[in-house]
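Novice: Sequence first, then the predicted structure, then my questions.
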Amino acid sequence: MFECGCISVLGTIAYVLLVVGGLNWGLVGAFDFNLVSFLFGEGTLIARIVYMLVGLSAIASVLMVIAHYVKKSRM
């Protein structure tokens, strides 16, 4: 992902959550099946936490990419 060959723990967690979120949206789009709701119940606190974590991981990923390119442009 990055040229240094290392990914931070935060980056790894964000990546895994983004994959989970992407797969869930793919299932919703293709089969009208929400895996998060199926596993944790629709509208439950844990399902909402999962959705919030996926959203936060997207924000963290965007910030990490921006930081990477800012750092790269200063070299």
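Specialist: All right, it came through fine.
Novice: can you list the weak-confidence ranges in the protein?
Specialist: Low-confidence segments of the chain (pLDDT under 70): 1-7.
Novice: residue closest to the middle of this protein?
Specialist: residue 18 (2.4 Å; Cα atoms, centre = their mean).
Novice: Show me how far the helix or strand hosting that residue is from its chain's centre.
Specialist: Using DSSP states H and E, residue 18 maps to helix 9-31. Its chain's C-alpha centre and that of helix 9-31 lie 5 Å apart, by Cα atoms, centre = their mean, to the nearest Å.
Novice: what's in contact with that helix?
Specialist: Contacting residues not belonging to helix 9-31 are listed as 1, 7, 33-36, 50, 53-54, 56-58, 60-61, 64 [Cβ atoms under 8 Å, 6 or more residues apart in numbering]. All C-beta spots, glycine's among them, are computed from the backbone N, C-alpha and C.
Novice: So which of these belong to helices?
Specialist: The members of the contacts of helix 9-31 that map onto helices under DSSP state H are 35-36, 50, 53-54, 56-58, 60-61, 64.
Novice: From these, list the buried ones, please.
Specialist: Among these, those classed as buried by neighbour count (16 or more other Cβ atoms under 10 Å) are 35-36, 50, 54, 57, 60-61, 64.
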